[in-house]
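Trainee: 3D, please:
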Amino acid sequence: MWTVIRQPRKSGAVYLAQWKGAGVGKRKAVTIGSIPSDPPTLSLSSRLRALDPEGRAADALVIALALAPTDEEARALAVLDQRATRAMAVPSLTGRLGGSTGASPPPPSPKGVRGRGTPISPYGAMTLREYHDRVWWPVRSAEIAIVSQDVEGKKWEAILPVLGDYRVCDLDAPTWASFLLTKESWGPTTRRLAQNAYRQALQHAVEIGAISSVHAFRPVRGTGRPQKEGRALSDPEVVALLDAAPSEAHRALYAVMVGQGLRPGEAVALTWSQWDFLFNMLRVGGTKNRQAALSVPLTPLTIREITLYWESLGRPTSGPCFLWRGRPIHKLYSGFVAAALRAGLGKVKPYDLRHTFATSLARNRVTRAAARRMMRHSSVSVILERAYEHLEVDDLATEVARLPDLSQ
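Mentor: This is a model prediction of the structure:
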């Protein structure tokens, strides 16, 4: 049986449909997205149960069509579906629910919709706002963490009021350029982030057949500064840094950062409940992406240092790991820089320990797939690319010496 749930969010309410029963799947959930007029969930649940009593619908767009807030909108979308079905010879969207659209004359374009092109699918005929709420955002929100959802959602809150009434098939380069001209207060970075969010939505539209290609974009000026490369410490430098730590807690903290490649924020937020000393595993509670919260095995450096520190505290099982003067360590930058200066390392930043870990993985010939898993990256990262492609001259010489002498 279907149950529709409403989840309030900053950008507006989002609806989800949950199926529990003996249909096609015993249990499943489909993110529908936002629904205009914000209808009550009880009526939507009853409507969806009547339309799909066996739980066959598995597509967010199909369910959104079934739960269209007005009969007029439902008829308009059904006619668009019929047009695309006749033109493309693909199964009807509404037919996937077991129903039939019937024959009816095409209605006029929905009020307020701007457009000149010819849609090649029902998705392309949607306005950008409909496409974002019903098709793109349910997919995108499942790929990125909540923090990234808030950042990207703010960009869409600026885009949709201006371009939301354009059909997806009619969006072009001049339209997007005109939008950017209305955002005079935006800096280069904000413009680039908004353009990337918009471009990714169009790329998904190409993948599902809504449009044939993504229109051209002018590069955003002022964002071409190269990213500063992190510094990778040598093994003796790591030992000197640990010895210069202001306390045992700081020493263990630095060892975990360089031994596991944790981000600074992830390291200071660790609690004892995240450690599994029986199987030597660490469950990281990162929030940057969905891979950031994975469990990873402990390295020998981490095992040695964290075990000594844990036993010195009486083997606690809960609470924050790293305490300084009775309080959890939240900020470590100034103390870390001071420790690096005492160790004679010059200016070193906490994030450089993550670069050190990546370089160590590369030097020890850990595969890129395993390294990406250890560093909990969602895709290929700049840190890993630099670590694997910019090895020291001595490392390259060692690798070249392994080549066979074909002349013998």
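
Trainee: OK, contacts around Trp186?
Mentor: Neighbour list for Trp186: 180, 194 [criterion: Cβ atoms under 8 Å, 6 or more residues apart in numbering]. Placement of C-beta: from N, CA and C, glycine included.

Trainee: ok so it is a strand residue?
Mentor: No. The assignment for Trp186, made by DSSP: H, G, I helix; E, B strand; the rest coil, is coil rather than a strand.

Trainee: could I get the phi/psi values of it?
Mentor: Main-chain torsions, Trp186, degrees, to the nearest 10: phi -80, psi 140.

Trainee: am I right that Leu171 is in contact with Val214?
Mentor: No. If you go by Cβ atoms under 8 Å, Leu171 and Val214 don't touch, sitting 9.2 Å apart.

Trainee: overlap in contacts, these two.
Mentor: Joint contacts of Leu171 and Val214 (Cβ under 8 Å, 6+ apart) are Leu202.

Trainee: show me which of these two is the more surrounded one.
Mentor: Leu171 (24 against 17; other Cβ atoms under 10 Å).

Trainee: contacts only, for the more buried one.
Mentor: Going by Cβ under 8 Å, 6+ apart, Leu171 touches 128, 163, 202, 211, 215.

Trainee: mind pulling the model confidence for the last one?
Mentor: On the pLDDT scale, His215 is placed at 89.

Trainee: and the first one, by the same measure?
Mentor: With respect to pLDDT, Leu128 has a value of 93.

Trainee: Tyr166 is in contact with that one, correct?
Mentor: Yes. Counting by Cβ under 8 Å, Leu128 sits close enough to Tyr166 to count as a contact (5.4 Å).

Trainee: who has more neighbours out of these two?
Mentor: Higher neighbour count among Leu128 and Tyr166: Leu128, with 26 against 20, using other Cβ under 10 Å.

Trainee: tell me the contacts of the more buried one?
Mentor: Contacts for Leu128 (Cβ under 8 Å, 6+ apart) come out as 159-160, 163-168, 171.

Trainee: what do you get for Lys155?
Mentor: By Cβ under 8 Å, 6+ apart, the residues touching Lys155 are 190, 193-194, 197-198.

Trainee: turn the residues you listed into CSV, columns for secondary structure and distance to Val220.
Mentor: Listed next are those as CSV, based on DSSP: H, G, I helix; E, B strand; the rest coil; distance: Cβ to Cβ, whole Å:
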residue, secondary structure, distance to Val220
Thr190, helix, 9
Leu193, helix, 9
Ala194, helix, 9
Ala197, helix, 13
Tyr198, helix, 12
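
Trainee: of all those, which two lie farthest apart?
Mentor: Greatest spatial distance among those (Cβ to Cβ): Thr190 and Tyr198, at 12.6 Å.

Trainee: the more surrounded of these two?
Mentor: In this view Thr190 and Tyr198 are compared by other Cβ under 10 Å, and Tyr198 has more residues nearby, 22 against 16.

Trainee: skipping adjacent residues, who's closest to the more buried one in space?
Mentor: Nearest non-adjacent residue to Tyr198, counting by Cβ to Cβ, 6 or more residues apart in numbering: Ile159, 6.1 Å away.

Trainee: got it, and Gln203?
Mentor: Spatial nearest neighbour of Gln203, chain neighbours left out: Val214 (5.7 Å); criterion: Cβ to Cβ, 6+ apart.

Trainee: on the three-state scheme, the one you found is what?
Mentor: Classified using three-state DSSP, Val214 is coil.

Trainee: quick one, what contacts it?
Mentor: By Cβ under 8 Å, 6+ apart, Val214 lies in contact with 199, 202-203, 205-206.

Trainee: filter these down to just the ones in helices.
Mentor: Of the contacts of Val214, the ones assigned to helices by DSSP state H are 199, 202-203, 205-206.

Trainee: would you mind listing which of the residues you listed are buried?
Mentor: Listed as buried from the ones in helices among the contacts of Val214 are 202, 205; burial here means 16 or more other Cβ atoms under 10 Å.

Trainee: run through the residues that contact the residue nearest to Tyr198.
Mentor: Each residue near Ile159 by Cβ under 8 Å, 6+ apart is listed here: 128, 179, 194, 197-198.

Trainee: the residues you listed: which two are farthest apart?
Mentor: The span of the contacts of Ile159, defined through Cβ to Cβ, is set by Leu128 and Ala194 at 13.4 Å.
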